[in-house]
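what would the 3D arrangement of this be:
(2 chains)
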Amino acid sequence: MSIYQTHITDVLIVGAGLAGERIAVESASQGHDVTLLSLVPPRRSHSTAAQGGMQASLGNCAMGEGDNSDVHFADTVKGSDWGCDQEVARMFVETAPLAVREMAIWGVPWNRVVAGQRKLPDGRVIEEKKEKEGLITARDFGGTAKWRTCYTADGTGHTLQYTMDSMVVKMGITVHDRTEAISLIHDGERCVGVVARCLRTGDLRVYIAKTTVICTGGYGRLYSASTNAVINEGNGMFVALNTGIVPLGNMEAVQFHPTGMVPVWILITEGARGDGGYLLDKNLYRFMPDYEPKKKELASRDVVSRRMTQHMRAGHGVDSPYGPHLWLDIRHLGAQHINTNLREIANIARNFAGVDPVKDLIPVRPTQHYSMGGVRTNKDGAAYGLKNLFAAGEAACWDLHGFNRLGGNSLAETITAGQIIGKKVAEFTKDATLSYSYKLVDDAVKEQENRIKALVHGWNGKESVYEVRNEMEKNLMDYVGIFRNGKDLQTAVNNLQEVYHRSLKIGLKSNGEGPNPELAQALRMTGMVRLALCIAYGALMRTESRGSHAREDYPKRDDTNWLKRTLAYWPEGADLPELKYEPVKITELPPGDRGYGESSAQSKGGK
Amino acid sequence: MADRELTFEIFRYNPAKPEIKPQMQTYKLKETTGMTIFVALNMIREEQDPSLMFDFVCRAAICGSCAMIINGRPKLACKTLTRSLPKKIKLFPLPVFKLIGDLSVDTGTWFRNLSLKTESWVHTSKTFDPTKQEERMDNKTALEIYEAERCIECGCCIAGCATANIRDEFLGAAGINRVARFMVDPRDERTPEQYFEVVGCEEGAFGCMGLMACDDNCPMELPLQMQLAFVRRKMASIGLGVKQESKVKMGVG
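Alright, predicted model coming up:
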């Protein structure tokens, strides 16, 4: 028999970013006992880093006039390149304005409409109406027909997360921070909780719950150049995948953000372009209007990223020791605007690249940013494959974003999904009973104990966890990037299979005692490589281009054959995921032209 | 500066193994262009000592995880460039907070306790009505709230504070600033007297000795000195029984 602490709760939420905390608040307010697990204190979650804003069609500001949920819906579906679940998108756009207003009551200091005339950087003059003064305002973001992105300066994620966490504190919700879920406990039909490792002591713990919810965010750190926080390793996704019966949806859909700062890959928010920033090449020429005359720098992220890569491939990139890059120019916005509205950007540029954006250009290049794929759920947030398991936020494939997410729809998803799925979780939990066998739990812990012993003693081999990791990162970066083709993807799959076998032979160099960080990394490594294979193999098999998935050998979107979602399973003993497909349901908006991007007639023909 | 060999002296201690005394361990590293302490510590862990404990999350000075004592000063390790330091770099964990191991400290528990003590959520009698438009607020007020809300709970102000180092219960600049954030928020219905209950004491606004290390060390450059003066003046006038004018409220809706 093993000795471990056991915690029993109604709702167990793994991950305490915005989605996790919103579900916690919803469940707790309906009387459930809730426990949140988090790798870090909740306020350190990656949600905090989101600068730009949250989309909601309030239509308060001058450039947002006439906006409504139908326009938001159309933008989202087009943005997704018709890959999203339209039922989900509909629920989302209807709920987002309420979510923004609710956050206002709870304490978010949203920027407000200031009446009067204002000159935009492109020379247009707009007038904010007196009768709208004091209402929540919005800024411009890529891929949207109206200004719809609500914000607090450039600390939107920070203020949302701090406000949400203040509700968690106020309600006395249990938070176990520095705790990592390392496996799901299930009997093949129902999930009954998780085995977790305490990152303060290294001890294993058991959490038993009526309902378990995965809200662990994205997997950006599988790539070597990512804007993501270092904790974004896809933990929730691979513990679900490791069950063998829960599939991940659309893992090949990986978004690159146009403006990661070279060479630290810190994100420069889209707000910089929304506020009027330009992209320049090595000749200080503004090239985006040539490719995208209508939306210019503000086409959707997948399109801008590809145009930038295309332009650099044509030899117009700035040479640097870190490879070619382009420039982001915000100098014309003026010191006052930069130092207040874009202050965080200014600080990041000064501190991490040593450039002052008031007078200097910022070096940027498309960088891995967001994962549209994740634990596949139905529209209620319930995971496929296992009962009593839910998922929300970036960790989930709900599937709001299809093959490309619009800026500002990520924060909006976390809170809106938290609200919608939170209600479903609370409802489900009311009728759920807590039943589990002692043996099931004990076996689950023993399995993890054995894994740890094998790693510490090097029973399976002496592979270095860091070397395995670097190989994985490099293969994804080099062969599964912005532009993809069959040959490179096949190389990635072959190499990653080899990396996978190495990951099964990892042995620690240190003793693994206590909260040892090498052990923590080693415990994740096999799961991470499995995710990498789901991405690469899914991309290889999808012989079309859609949203962020751009195949050079199949440059067109193929609705006849590929209007479907990839489901990746990991059968026991396999070294490659098993792929299945399900149709994407079209309820309102039939596939058509996005109005921007390579396939659009409007953007052809240059100037 | 190019081609420098850096010497890192790093504090090592595992509280679970008190029989092994705290000690300094030395690592050598060749400096690279644009190297930050984040880059350096990861290289040391991956190439020299996989057991070394330290914390980073966003590595972009947004999340506050990586504060540590760098050559005697509390700083965010992610945004400290090695080129700004001499070639001998000494790293210690932040004081005041409970040590987890090596450079890693438990700020989460400390700050959650601070939130509970200061009841740092909007106290309001209003509930959300989904059928109503949002209540209006002056944009200046919104920006003023955001100014005080920019604290990332890194703990640099607490670690550098003499009072916090000798008095366990002291709220420190982070706590005073937190209270100021709710004081300027017209949505918070707490009265000045209720705030006095929270910070009108030695553990709050009156415990500060005025050494101002908080202000010097804040990586977000928050005006902590001003916030302290603001809160203290309010508390002093309440303590002396001076009548407060109620908060200015904007609002049409």
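
break the chain down into its domains, please.
By default, I'm working from chain A. A:6-253+A:372-431, A:258-369, A:439-572 (the TED database).

the intended chain is chain B.
As given by automatic domain parsing, the domain ranges for chain B are B:5-104, B:119-250.

make JSON lines out of the ones you listed and add mean pLDDT and mean neighbour count.
In short, each C-beta sits where N, CA and C put it, glycine included. What follows is the domains of chain B, written out as JSON lines (pLDDT from 0 to 100; neighbours: other CB atoms under 10 Å in any protein chain shown):
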{"stretch": "domain B:5-104", "mean pLDDT": "95", "mean neighbour count": "19"}
{"stretch": "domain B:119-250", "mean pLDDT": "90", "mean neighbour count": "18"}
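
would you turn those domains into JSON lines with distance to chain A?
Formatted as JSON lines, the domains of chain B follow (distance: least, CB to the nearest CB, whole Å):
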{"stretch": "domain B:5-104", "distance to chain A": "4"}
{"stretch": "domain B:119-250", "distance to chain A": "3"}
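
can you tell which of those domains is closest to A:Ile420?
Nearest to A:Ile420 among these is domain B:119-250; the distance by CB to CB comes to 13.0 Å.

distance from the longest helix seen in chain B to the middle of the chain?
As assigned by DSSP state H, the longest helix anywhere in chain B is helix B:224-239. The chain centre lies 19 Å from the centre of helix B:224-239; the measure is CA atoms, centre = their mean, to the nearest Å.

for stretch A:230-249, same thing?
On CA atoms, centre = their mean, the centre of stretch A:230-249 falls 13 Å from that of its chain.

hmm, it touching chain B?
Yes - Stretch A:230-249 lies within reach of chain B by CB under 8 Å from any CB of the partner chain, at A:Val230, A:Ile231.

endpoints of that stretch, how far apart?
Taking CA to CA, to the nearest Å, the first and last residues of stretch A:230-249 lie 23 Å apart.

that one - what's its average pLDDT?
For stretch A:230-249, mean pLDDT rounds to 98.

which of the residues in it are buried?
The neighbour-count check on stretch A:230-249 (16 or more other CB atoms under 10 Å in any protein chain shown) flags A:230-249 as buried.

next: stretch A:308-316.
A:Met308, A:Thr309, A:His311, A:Met312, A:His316.

which two among the residues you listed are spaced furthest apart?
Among the buried residues of stretch A:308-316, the pair separated by the greatest distance (CB to CB) is A:Thr309 and A:His316, at 11.0 Å.

what's the longest helix in chain A?
Ranked by residue count and defined by DSSP H, the top helix of chain A is helix A:517-541.

helix or strand next in line after that helix, which one?
Sequence order places strand A:550-551 as the next helix or strand after helix A:517-541, per DSSP states H and E.

what residues does that following strand touch?
Strand A:550-551 is contacted from outside by A:Asp302, A:Arg306, A:Ile482, A:Phe483, A:Arg484, A:Asn485, A:Gly486, A:Ala539, A:Arg542, A:Thr543, A:Glu544, A:Ser545, using CB atoms under 8 Å, 6 or more residues apart in numbering or on different chains.

just the buried residues of these.
Among the contacts of strand A:550-551, the ones that count as buried by 16+ other CB under 10 Å are A:Asp302, A:Arg306, A:Ile482, A:Arg484, A:Asn485, A:Ala539, A:Arg542, A:Glu544, A:Ser545.

distance of the third one relative to A:Asn68?
Right, A:Ile482. According to CB to CB, to the nearest Å, A:Ile482 stands 33 Å off from A:Asn68.

that older thread, would you reformat the domains of chain B as TSV and include distance to A:Arg530?
Converted to TSV, these look like this (distance: least, CB to CB, whole Å):
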stretch	distance to A:Arg530
domain B:5-104	22
domain B:119-250	34
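
tell me where the model's unsure across the stretch 451-600 of chain A.
Within the stretch 451-600 of chain A, the ranges that satisfy pLDDT under 70 run A:599-600.

max pairwise distance over the contacts of strand A:550-551: which two?
By the measure CB to CB, A:Asp302 and A:Gly486 form the most distant pair in those, at 19.7 Å.

coming back round to it: okay, and which of the buried residues of stretch A:308-316 map to helices?
Per DSSP H, the buried residues of stretch A:308-316 map to helices at A:Met308, A:Thr309, A:His311.

what ranges do the helices span in the stretch 101-250 of chain A?
Assigned by DSSP state H, counting those that start in this stretch, the helices in the stretch 101-250 of chain A fall at A:156-170, A:235-241.

these: which one's closest to A:Arg594?
That would be helix A:156-170 among the helices of the stretch 101-250 of chain A, by CB to CB, at 25.8 Å.

pull out the CA atoms of the closest one and give them to me as PDB.
Extracted in PDB, the C-alpha atoms of helix A:156-170 (Å, rounded to 0.1, in the frame of the first residue of the first chain):
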ATOM      1  CA  THR A 156      -6.200  43.400 -20.000                       C
ATOM      2  CA  GLY A 157      -5.200  39.800 -19.000                       C
ATOM      3  CA  HIS A 158      -3.700  41.100 -15.800                       C
ATOM      4  CA  THR A 159      -6.800  43.000 -14.700                       C
ATOM      5  CA  LEU A 160      -9.100  40.200 -15.700                       C
ATOM      6  CA  GLN A 161      -7.100  37.500 -13.900                       C
ATOM      7  CA  TYR A 162      -6.600  39.600 -10.800                       C
ATOM      8  CA  THR A 163     -10.300  40.500 -10.700                       C
ATOM      9  CA  MET A 164     -11.300  36.900 -11.300                       C
ATOM     10  CA  ASP A 165      -8.900  35.700  -8.600                       C
ATOM     11  CA  SER A 166     -10.300  38.200  -6.200                       C
ATOM     12  CA  MET A 167     -13.600  36.500  -6.600                       C
ATOM     13  CA  VAL A 168     -12.000  33.100  -5.900                       C
ATOM     14  CA  VAL A 169     -10.400  34.600  -2.700                       C
ATOM     15  CA  LYS A 170     -13.600  36.200  -1.700                       C
END
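
now that helix: buried residues?
Buried residues in helix A:156-170, counted by 16+ other CB under 10 Å: A:156-170.

just stretch A:451-463 next, same as before
Going by neighbour count (16+ other CB under 10 Å), the buried part of stretch A:451-463 is A:Arg451, A:Ile452, A:Ala454, A:Leu455, A:Val456, A:Glu463.

next, see if that stretch gets close to chain B.
No - judged by CB under 8 Å from any CB, stretch A:451-463 makes no contact with chain B; its nearest approach is 11.8 Å.

centre of the chain to that stretch, how far?
32 Å.

quick one: contacts of that stretch?
Applying CB under 8 Å, 6+ apart, the contact partners of stretch A:451-463 are A:Arg502, A:Ser503, A:Leu504, A:Lys505, A:Ile506, A:Gly507, A:Leu508, A:Asn511, A:Gly512, A:Leu519, A:Ala522, A:Leu523.

near chain B, list only the ones from those residues.
Okay, of these touching chain B (CB under 8 Å from any CB), that's A:Leu508, A:Asn511.

okay, the contacts of stretch A:451-463 in CSV with neighbour count next?
As requested, those are exported to CSV (neighbours: other CB atoms under 10 Å in any protein chain shown):
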residue, neighbour count
A:Arg502, 20
A:Ser503, 25
A:Leu504, 15
A:Lys505, 14
A:Ile506, 25
A:Gly507, 18
A:Leu508, 22
A:Asn511, 12
A:Gly512, 21
A:Leu519, 24
A:Ala522, 27
A:Leu523, 21
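
can you tell me which residues in the stretch 351-500 of chain A are near chain B?
Contact residues (CB under 8 Å from any CB) of the stretch 351-500 of chain A with chain B: A:Asn351, A:Phe352, A:Ala353, A:Gly354, A:Val465, A:Tyr466.

which members of those residues are positioned in strands?
When DSSP state E is applied, these are split such that none fall in strands.

can you pull the contacts of whichever residue of the stretch 151-300 of chain A sits closest to chain B?
With distances taken as CB to the nearest CB, the stretch 151-300 of chain A approaches chain B most closely at A:Ser166, which sits 3.9 Å away. Residues near A:Ser166 by CB under 8 Å, 6+ apart: A:Trp106, A:Gly107, B:Ser115, B:Ser120, B:Trp121, B:Val122.
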